[in-house]
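Engineer: Dropping the sequence and predicted coords here.
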Amino acid sequence: MNVGDALPPLEIPVTRTLIVAGAIASRDYQDVHHDAELAREKGSPDIFMNILTTNGLVGRYITDHLGPHAVLRKVAIRLGAPNYPGDTMTLTGTVTALDGDTAEIQVTGANRLGHHVTGTVTVTLGAGA
């Protein structure tokens, strides 16, 4: 791994089930994450993914690429465009810094509306990364 290396993209189909399951798993019971009618009443065209699900998917993207021995040390993300059912979020990443066995990776997740998530992940590399 070298500074400037790009991680392979990961396409994640954003399904209604993924959005609801992620909200429930993270104990986020806000109606905008599971009730389409109430989400529309609040001005959204449909339910949308919560930040904790996005955070988990960003972590998965990094550890899927770097392997089971990689340890996430810091995940700093910012949300942009919502992820709605039917979207596909494509995660991409670039290594921006290396210090011994620690890497910093810039991550972006985009959908049809633009950038859903941007941020930086700091990870300690395991054997084989």
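Structural biologist: That came in fine, so what should we check first? Predicted model only: the values in this text are computed from it and were never measured.
Engineer: which residues touch residue 85?
Structural biologist: Shown here is residue 85, whose contacts under the criterion CB atoms under 8 Å, 6 or more residues apart in numbering are 14, 15, 16, 19, 46, 47. Bear in mind the C-beta positions are built from the backbone N, C-alpha and C, glycine included.
Engineer: Which among the residues you listed count as buried?
Structural biologist: Buried positions within those, assessed by neighbour count (16 or more other CB atoms under 10 Å), are 14, 19, 46, 47.
Engineer: Next up, phi/psi of the third one, please.
Structural biologist: Think residue 46. Here is the backbone geometry of residue 46 (degrees, to the nearest 10): phi -170, psi -180.
Engineer: Roughly how far does the residue lying closest to it once chain neighbours are set aside sit from residue 1?
Structural biologist: Leaving aside its sequence neighbours, residue 46 sits nearest to residue 84 (CB to CB, 6 or more residues apart in numbering; 4.9 Å). Counting by CB to CB, to the nearest Å, the gap from residue 84 to residue 1 is 34 Å.
Engineer: Tell me which of the two has more neighbours.
Structural biologist: Ranked by neighbour count (other CB atoms under 10 Å), residue 84 and residue 1 place residue 84 first, with 21 against 13.
Engineer: about what we covered before: make CSV out of the buried ones among the contacts of residue 85 and add secondary structure, distance to residue 56 and pLDDT.
Structural biologist: Listed next are the buried ones among the contacts of residue 85 as CSV, based on DSSP: H, G, I helix; E, B strand; the rest coil; distance: CB to CB, whole Å; pLDDT from 0 to 100:
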residue, secondary structure, distance to residue 56, pLDDT
14, coil, 13, 98
19, helix, 12, 97
46, coil, 21, 96
47, coil, 17, 96
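Engineer: any idea which of those residues is closest to residue 63?
Structural biologist: residue 14 (19.9 Å; CB to CB).
Engineer: Tell me if I'm right that that closest one and residue 89 touch.
Structural biologist: Yes - Residue 14 lies in contact with residue 89 (CB atoms under 8 Å); the separation is 5.7 Å.
Engineer: Please identify every residue contacting each of these two.
Structural biologist: Once CB under 8 Å, 6+ apart is applied, the residues that residue 14 and residue 89 both contact turn out to be 83, 111.
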